[in-house]
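In: Just the structure for this:
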Amino acid sequence: MSVCRRRNTGTLRGKDDLDVKTSYKVKSIQFIITVSFTLITVLVMLFVGVVLYNKFSRTAEQNAYLYNQQIVEQVSFSLENYLDDMAQVFSMVDDKIHRSAGIPNAKLTEQLEMILDTREDIVSMGLFTAQGELVTGLPDKELHKNTKLLEQGWFKSAVENPNHLTFSLPHIQNLYKGEYRWVVSMSKGVKIQRGNETVDGVLLVDVNFKTIDDVSRRISLGQKGYAYIIDESGGNIIYHPQQQLIYIGLKYENVEQALKYAYGSFIDNSTGSKRLITIQTVKNVGWRIVGVSYMDEIVATKKEISDFIMWLLLFVIIFVLMLSAFMSSRISLPIKRLEKSMRKVEQGDFDISIQVQGEDEVGRLSRRFNFMVVRIRELMAQIIQEQETKRKNELDILQAQINPHFLYNTLNSVVRMAGVGKKEEVITMITSLSKFFRISLSKGKHVITVQDELEHVRHYLIIQQMRFKNQFEFTIEAEEEAFSCRTLKLILQPIVENSIYHGIEPIADVGHIYVRAAVVGGKLRLQVEDNGLGMAPEVPGKMLRGEAVMSSREGSGVGMRNVLERIRLYYGEPYGLEIESELEVGTTVTVWLPVVREEEGSDA
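Out: Numbering: from 1, shown residues only. All right, here's what the predicted structure looks like:
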């Protein structure tokens with residue numbers, strides 16, 4: 001296997017950094033970037049637009065609050081005046097009754113008719129005893145028989161609070177036959193002089209609700225705005241432009257929030273639309289006038305201003321974007337070329353050079369980049385050479401460590417055999433020893449064929465088998481396809497040595513070592529398997545990680561780690577060792593190498 005390398009020793013000269021200052025300023029990238037700061041215009045306009053829009057919105061809302069408050073106050077004032085006027089009429093009627101003796105009488109009836117004729121908004125008047133008997137009343141019509149007078153609200157309020165003028169909820173007055181008018185009833189407990197006897201009675205004055213309705217309808221709060229009136233408790237509607245709501249209750253309106261305020265305004269979102277609610281309390285009766293305005297109508301001009309600002313900003317942004325796109329293209333083009341070149345360098349392509357244009361910062365950076373790439377190529381070539389030298393020295397040191405110790409033990413065994421007259425065994429051992437060292441030297445080569453590596457380990461096993469007096473047997477199997485593959489030499493010998501000394505030697509039975517070579521899944525697989533003592537489950541991992549194994553039975557693992565580092569150093573991370581072992585069963589060490597044929601190149 002050959003590793004082709006190309007050494008680039010060329011150097012790139014850059015211009016001196018001390019260029020003329022005026023030329024530097026004109027061509028500086030900082031000058032170009034300064035022009036692109038027109039983008040700040042967009043931010044400034046956005047800021048100013050938002051500030052103006054918010055200011056106008058707040059002013060418009062404040063004006064809307066004030067306007068609505070004034071409108072509702074005007075209605076409240078009109079309603080207060082009207083109710084005061086009705087209260088005075090009621091007091092006048094009360095006074096007429098109080099001054100009259102022997103009720104009913106013609107004079108009192110005449111006075112009441114005069115009041116009724118002069119006030120179109122008064123529908124009817126009636127004077128009743130506390131037991132519900134009609135004493136006198138106008139119009140002079142027959143009462144309905146099933147009016148349930150004592151159960152009506154205005155009557156009960158007058159009896160329970162005799163000195164308090166009560167205004168009822170709007171209702172249809174059905175006391176008199178043929179009269180079904182929408183009225184508000186004023187009632188109060190009074191004293192009636194009947195002959196020589198003074199009895200408790202109830203005075204009723206019905207006011208046409210149309211007058212209150214007309215006053216309430218004067219509120220103009222936009223196209224959708226309206227006002228409604230609720231009583232003091234908030235449980236009933238006095239007036240609502242949608243008349244049906246008087247009957248179905250207050251579910252539609254946020255009355256609970258309105259009851260928290262006697263006067264003032266708040267924003268309501270309970271219906272899904274943003275509404276301005278304005279509250280004003282009518283004096284004396286405690287009614288609350290609730291004005292409802294829709295904010296989208298109140299601040300309609302706010303949307304017009306916002307649309308104008310948005311269109312202006314859009315125009316400015318488009319113009320600035322077009323200008324900045326043109327400027328940024330000029331700025332970014334050389335930077336993109338530099339970035340593209342850097343990406344190629346990141347992918348491992350160091351045969352690259354950027355065409356330098358201009359005297360700005362990017363131009364000077366491009367020169368520095370070209371110089372850096374050349375320097376990296378030089379350093380990589382230097383590192384490769386140093387790694388090759390280091391790998392050769394490590395292999396030489398390993399071989400130097402193995403050879404003297406192994407040679408001493410083997411020659412010692414030869415001497416003993418010669419001393420007892422085992423000539424054939426001596427010849428076999430010396431022959432295997434010579435072939436072992438011949439393959440170990442391999443004319444200085446570090447990469448040999450699998451066939452030579454298997455032959456090398458075979459002679460090693462023969463020698464060790466004779467030294468250990470046939471304490472183990474061995475079998476070497478190899479596929480024909482694997483013979484011609486290339487491998488680092490001295491890969492199998494340290495593994496086999498580990499099997500003999502730490503796997504086979506400690507057991508009492510005859511051991512067996514299997515050495516196999518095959519091509520599996522596009523990779524070269526070398527295996528050494530023994531049926532020796534085996535290792536604890538955690539030991540193989542420690543060996544491969546280089547951790548110390550404090551057991552003479554399992555070995556230190558230095559040889560295994562050395563083989564793994566040599567494979568990784570030469571072939572890379574995807575290749576290396578796998579160790580499978582089980583106590584009292586044996587150990588299998590698998591070596592994975594790339595498939596490299598003998599004819600594909602010369603030795604490294």
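
In: Would you map the helices across the stretch 501-604 of the chain?
Out: Secondary structure of the stretch 501-604 of the chain (DSSP state H, counting those that start in this stretch): helices at 539-545, 558-571.

In: Looking at those, which is nearest to L66?
Out: helix 539-545 (82.1 Å; C-beta to C-beta). The C-beta positions use only the backbone N, C-alpha and C, and glycine is treated the same way.

In: Next, the buried residues of that closest one.
Out: Residues V539, P540, K542, M543, L544 are the ones in helix 539-545 that count as buried (16 or more other C-beta atoms under 10 Å).

In: Then stretch 341-349?
Out: S341.

In: can you tell me the average pLDDT over it?
Out: Averaging pLDDT along stretch 341-349 yields 77.

In: With only the CA atoms kept, save that stretch in PDB.
Out: Output in PDB follows, covering the C-alpha atoms of stretch 341-349 (Å, rounded to 0.1, in the frame of the first residue of the first chain):
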ATOM      1  CA  SER A 341     -12.800  28.800   0.200                       C
ATOM      2  CA  MET A 342     -12.800  28.200   4.000                       C
ATOM      3  CA  ARG A 343     -15.400  25.600   3.600                       C
ATOM      4  CA  LYS A 344     -13.300  23.700   1.100                       C
ATOM      5  CA  VAL A 345     -10.300  23.900   3.500                       C
ATOM      6  CA  GLU A 346     -12.600  22.600   6.300                       C
ATOM      7  CA  GLN A 347     -13.400  19.600   4.000                       C
ATOM      8  CA  GLY A 348      -9.700  18.900   3.600                       C
ATOM      9  CA  ASP A 349      -8.900  20.600   0.300                       C
END
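
In: For burial, what's the neighbour tally of the residue lying closest to S100 once chain neighbours are set aside?
Out: Leaving aside its sequence neighbours, S100 sits nearest to L108 (C-beta to C-beta, 6 or more residues apart in numbering; 4.3 Å). Look at L108: counted by other C-beta atoms under 10 Å, it has 20 neighbours.

In: Now L108. Its backbone dihedrals?
Out: Dihedral pair for L108: phi -60, psi -40, per degrees, to the nearest 10.

In: Wait, it touches H98, no?
Out: No - in this structure, L108 is not within contact of H98 by C-beta atoms under 8 Å, at 10.5 Å.

In: need the strands for the stretch 101-250 of the chain, in chain order.
Out: Secondary structure of the stretch 101-250 of the chain (DSSP state E, counting those that start in this stretch): strands at 122-129, 134-138, 166-167, 171-173, 181-194, 197-208, 226-230, 237-239.

In: buried ones in stretch 132-146?
Out: Of the residues in stretch 132-146, G132, L134, V135, T136, G137, L138, L143 count as buried by neighbour count, 16+ other C-beta under 10 Å.

In: returning to what we had before: the residue nearest to S100: what's it in contact with?
Out: By C-beta atoms under 8 Å, 6 or more residues apart in numbering, the contact set of L108 is K96, I97, S100, T136.

In: can you tell me the helix or strand for the first one?
Out: What that stands for is K96. helix 39-99 (DSSP states H and E).

In: ok, E473 - contacts?
Out: Counted by C-beta under 8 Å, 6+ apart, E473 has contacts Q465, V510, G511, H512, I513.

In: Now tabulate these in JSON lines and tack on pLDDT, neighbour count and distance to V496.
Out: Formatted as JSON lines, the contacts of E473 follow (pLDDT from 0 to 100; neighbours: other C-beta atoms under 10 Å; distance: C-beta to C-beta, whole Å):
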{"residue": "Q465", "pLDDT": "86", "neighbour count": "19", "distance to V496": "11"}
{"residue": "V510", "pLDDT": "90", "neighbour count": "11", "distance to V496": "17"}
{"residue": "G511", "pLDDT": "92", "neighbour count": "22", "distance to V496": "12"}
{"residue": "H512", "pLDDT": "95", "neighbour count": "16", "distance to V496": "12"}
{"residue": "I513", "pLDDT": "94", "neighbour count": "25", "distance to V496": "7"}
